[in-house]
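1. From the sequence below, what's the structure:
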Amino acid sequence: MASHEFRTPLTTVLSSASLLAKYTATEDQEKRNKHIQRIKNSVNNLNEVLEDFLSLGKLNEGKLDIKQELINLRELLADTVEEMKALLKKDQFFLLEYEGVENVVTDKALLRNILVNLVSNAIKFSDEGKAITIKGKVTSDRVAISVTDEGIGISKEDQEHLFSSFFRAANATNIQGTGLGLHIVKRYVDLLGGEVGVQSELNKGTIINFSIPINV
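-> Model prediction:
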């Protein structure tokens, strides 16, 4: 699976790089831009695949330690969303909502990895021009975060297996991915002592929500 997932974007990078060399005239800039974007998208796919397999390896080897630290959760959400803007499809946009205190104690790296996985999935499985909503709410001892898209949705049958390793929903087989993202999210949330769930309807969108205990 790893070799297959790497081969497809690498082929795209090589073919686009070869075609770029042929477009030398000034009026060819639009064609150059098209292939540059294809290369960027393929490199992002490669990075996603690599991160998934590295994360799974660390989880299976028990090499992830929880590092509790004081963080500004509102800033973490905002910064992560800002970083992910580079992956948005045409006219997709983020909506960010936050409620509660900002400073909490949790593992910043694990929480960021959870967010990156969920937001990248929302982008991937949504069409152009759709909103992706990220909500954060802090209570006295927990933080609840949800990522909502208006994408292809997940059938009831597939929702039962959504957090299994290497699982791909029936309507997502033509979209590149390892089937590891949500499995990794589930294991990260478990490490933080939290819970994760899904609400979805085919062709209407998906909400992935999770909550973890925190100190404020």
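2. and I132, what is it in contact with?
-> Q92, F93, F94, L95, V119, A122, I123, S126, V147, T148, D149, E150 (Cβ atoms under 8 Å, 6 or more residues apart in numbering). Quick note: C-beta positions are derived from backbone N, CA and C, even for glycine.
3. can you map out the strands along the protein?
-> Residue ranges of the strands in the chain, as given by DSSP state E, are 69-72, 93-99, 103-106, 131-138, 142-149, 195-201, 205-213.
4. Touching, N103 and L73? I think so.
-> Yes - in this structure, N103 is within contact of L73 by Cβ atoms under 8 Å, at 7.4 Å.
5. Tell me which of those two has more neighbours.
-> L73 (23 against 14; other Cβ atoms under 10 Å).
6. Next one, pLDDT for that one please.
-> L73 carries a pLDDT value of 96.
7. Could you tell me how far the nearest residue to it once chain neighbours are set aside is located from R74?
-> Sequence neighbours aside, V104 is the residue nearest to L73 in space, at 5.1 Å (criterion: Cβ to Cβ, 6 or more residues apart in numbering). V104 is 10 Å from R74, where distance means Cβ to Cβ, to the nearest Å.
8. The two: who's more crowded?
-> Set side by side, V104 and R74 show more neighbours around V104, with 23 against 18, by other Cβ under 10 Å.
9. how close does that one get to L192?
-> 12 Å.
10. The protein: helices as residue ranges?
-> Assigned by DSSP state H, the helices in the chain fall at 2-20, 29-60, 73-84, 108-124, 156-159, 181-191.
11. tell me the mean pLDDT for the fourth one?
-> The average of the pLDDT scores along helix 108-124 is 89.
12. Show me what it is packed against.
-> strand 69-72, helix 73-84, strand 131-138, strand 142-149, helix 181-191, strand 205-213 (3 or more Cβ pairs under 8 Å, 6 or more residues apart in numbering; DSSP states H and E).
13. between those, which gets nearest to E160?
-> Each of these has some distance to E160 by Cβ to Cβ; the shortest is helix 181-191, at 12.6 Å.
14. Tell me the buried residues in stretch 126-146?
-> Neighbour counts over stretch 126-146 (16 or more other Cβ atoms under 10 Å) mark 126, 130, 132-136, 138, 142-146 as buried.
15. hmm, back to that, among the contacts of I132, which ones are buried?
-> Q92, F94, V119, A122, I123, S126, V147, T148, D149, E150.
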